[in-house]
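J.: what follows is a protein structure lacking sequence information:
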């Protein structure tokens, strides 16, 4: 004779399986019909504000190093505006006549999107990617300098993804990977090695 | 006891229904058109397969749909159609059209039976050239068909029957996924609108390549070639030709020699244009694993870039792809001189994608993967291990593609350090770094990349035979120094 409480338990489990199967089926149908929406916000153009001292990680082609350089940058409170401002300051260093790491004229960072939790999406201009010099080290210096400058000056970023003109691209100029998402802690370790000139 | 049986049966039905619901999600339909190729999920309704009509038409042209007066009205590039929920009769451009099963509304989404697409799409799009393979759910809209021929090219000598090759010629470039199993190699075409050959199953009068079988299933085209020996697939003619032939035998492995004698170049500088040694393969080679016995190739050498992708323009006349290839050939020879078999992935001026390179290298199960690059910046050589990206965790034995290198990274770093040390011994300044460089991340074996810079101010010296020879000897010696570690990690 099967105890009554065991019977009730099994009936209850059976009901639960049936209900959950139906619920899962409905969820799948519902999910398939919902258009996906990117959770990103456009970064506003740089605004004038109180200047603040930030650290830019500047690449030097000779001898293939990364160096921390202080810079005074007008910053506002918002994280996205802050990200935008530090990266524009970094690019200004590279576009200067005495740049230690020349990049193509017309290079710019179109936008920086901060997507919670912890993801920054950096949209480079095609002028920057198409005109970038080709080589593992020279491309790596650009990528590491951007990621390290961003993660050091904007709190809460632990991953960085690159786009070019709003689209996915395989490499920057044939070498540095743009298809993956960069882990800022791995990049920080690499930046330390590059700062030591290794 | 009767009660227990009833409960178990009910459980079995519940789980079967659950599994069926999950299974239905995996069914798909492939649509090939001149604009694009794409796949869509098949939706099960009352035991029949349905598909969203707007989703099928959207990539083909401007389409809109709305509910009006109880009718679902569709407009595709100036052509109007009306459907009614639960009815088989539709109206397309003022004419009645009968569906094989009732039209279904899923919210505002209109679903039509998959089996109706062959007749329905020509009516809505006005395109007469529509072919639908109902059993495999492959829809061809417009002139998109890719056809192929298969020809067995036999060796001249009857004794060398195992040197025969099956040559597949396609009317457009293809990029199938290639998987090898014991006794067969399978080419899976997911994106290409491959049309079936006249004879879908063919038995060859050959002891090495015995049979080929073409099939279609779930939106895919599959070509399976059966063989008695491990096969290689090599791409040529810009992806239009795939040759399947037996894998070359690896050279006999010699016992390691003392480094001082082993690293002496046996080939004088300037002999790089000599014919390729045995074991050298054509561009774009996929290596099917051997059926038994030891692994065939110890090292895979990847001459980076190639074909339309020149890499860095080192000077007006010197391209990175050419320096890489030259260096790869020298390195192969040096590794073989040290008793290590080596295979060059790209041994001609052909284009290979990063994913293709990774797939080829992984198929060969080497002890080490070495990518060669050249640059004008800096001096000497830089040896790189992979800077792993942010990715998900491994699940059981499955590693995420973007971080397939993770389990081998420690060994790769040791190999990179050893190579840098040996390069310095050969008067080539060298250091070790990590780099976000594909396909290093996607390689399952320890993977390193060597970027060679000029020895001095002259970029043209990258092509200097003595300099290249020093680099090749240094890399080979570095690999030899960690050979035991690489073997252990294999």
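T.: Here it is on my side, so go on. All values reported here derive from a predicted model rather than from experimental measurement.

J.: CA atoms for contacts and neighbours, from now on please.
T.: Noted.

J.: quick one: pLDDT of the most centrally placed residue in chain A?
T.: Taking CA atoms, centre = their mean, the centroid of chain A lies closest to residue A:160, which sits 2.0 Å from it. The score at residue A:160 is 95. That number is its pLDDT.

J.: part of a strand, is it?
T.: Yes - with DSSP: H, G, I helix; E, B strand; the rest coil as the criterion, residue A:160 is part of a strand.

J.: you'd agree it is up against residue A:178?
T.: No - if you go by CA atoms under 8 Å, residue A:160 and residue A:178 don't touch, sitting 10.0 Å apart.

J.: which residues of chain A fall in strands?
T.: Ranges of strands within chain A are A:51-60, A:65-74, A:109-115, A:119-124, A:159-164, A:182-183, based on DSSP state E.

J.: cool, the stretch 251-400 of chain B as well?
T.: Ranges of strands in the stretch 251-400 of chain B, per DSSP state E, counting those that start in this stretch, are B:285-287, B:299-303, B:342-344, B:368-374, B:381-386.

J.: cool, the stretch 101-250 of chain B as well?
T.: Taking DSSP E, counting those that start in this stretch, the strands of the stretch 101-250 of chain B run over residues B:104-106, B:109-113, B:130-133, B:138-141, B:148-153, B:165-170, B:177-181, B:184-189, B:201-203, B:209-217, B:220-227, B:231-236, B:241-246.

J.: so what's residue B:422 up against?
T.: By CA atoms under 8 Å, 6 or more residues apart in numbering or on different chains, the contact list for residue B:422 reads B:474-475, B:477-478.

J.: in helices, which of those residues appear?
T.: Using DSSP state H, B:474-475, B:477-478 are the members of those that sit in helices.

J.: okay, the residues you listed in TSV with distance to chain A and pLDDT next?
T.: Formatted as TSV, the ones in helices among the contacts of residue B:422 follow (distance: CA to the nearest CA, whole Å; pLDDT from 0 to 100):
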residue	distance to chain A	pLDDT
B:474	19	95
B:475	18	96
B:477	22	95
B:478	19	95
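
J.: and stretch B:47-56, end to end?
T.: 21 Å (CA to CA, to the nearest Å).

J.: now do the buried residues in it.
T.: For stretch B:47-56, burial by neighbour count (16 or more other CA atoms under 10 Å in any protein chain shown) applies to B:49-56.

J.: take these and keep only those in helices.
T.: The helices in this structure, assigned by DSSP H, contain B:53-56 from those.

J.: could you dump those into CSV with pLDDT and distance to residue A:73 added?
T.: Rendered in CSV, the data for those read as follows (pLDDT from 0 to 100; distance: CA to CA, whole Å):
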residue, pLDDT, distance to residue A:73
B:53, 93, 53
B:54, 90, 50
B:55, 89, 48
B:56, 90, 51
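
J.: how does chain A divide into domains?
T.: With automatic domain parsing as the criterion, the domains of chain A are listed as A:1-36, A:51-195.

J.: mean pLDDT lowest for which of these?
T.: Of all the domains of chain A, the minimum mean pLDDT falls on domain A:1-36 (a mean of 85).

J.: buried ones in that one, by neighbour count?
T.: For domain A:1-36, the neighbour count (16+ other CA under 10 Å) marks A:14, A:17-18, A:21 as buried.

J.: that one near chain B anywhere?
T.: Yes - in this structure, domain A:1-36 sits against chain B according to CA under 8 Å from any CA of the partner chain; the contacting residues are A:10-11, A:14, A:17-18, A:21, A:25.
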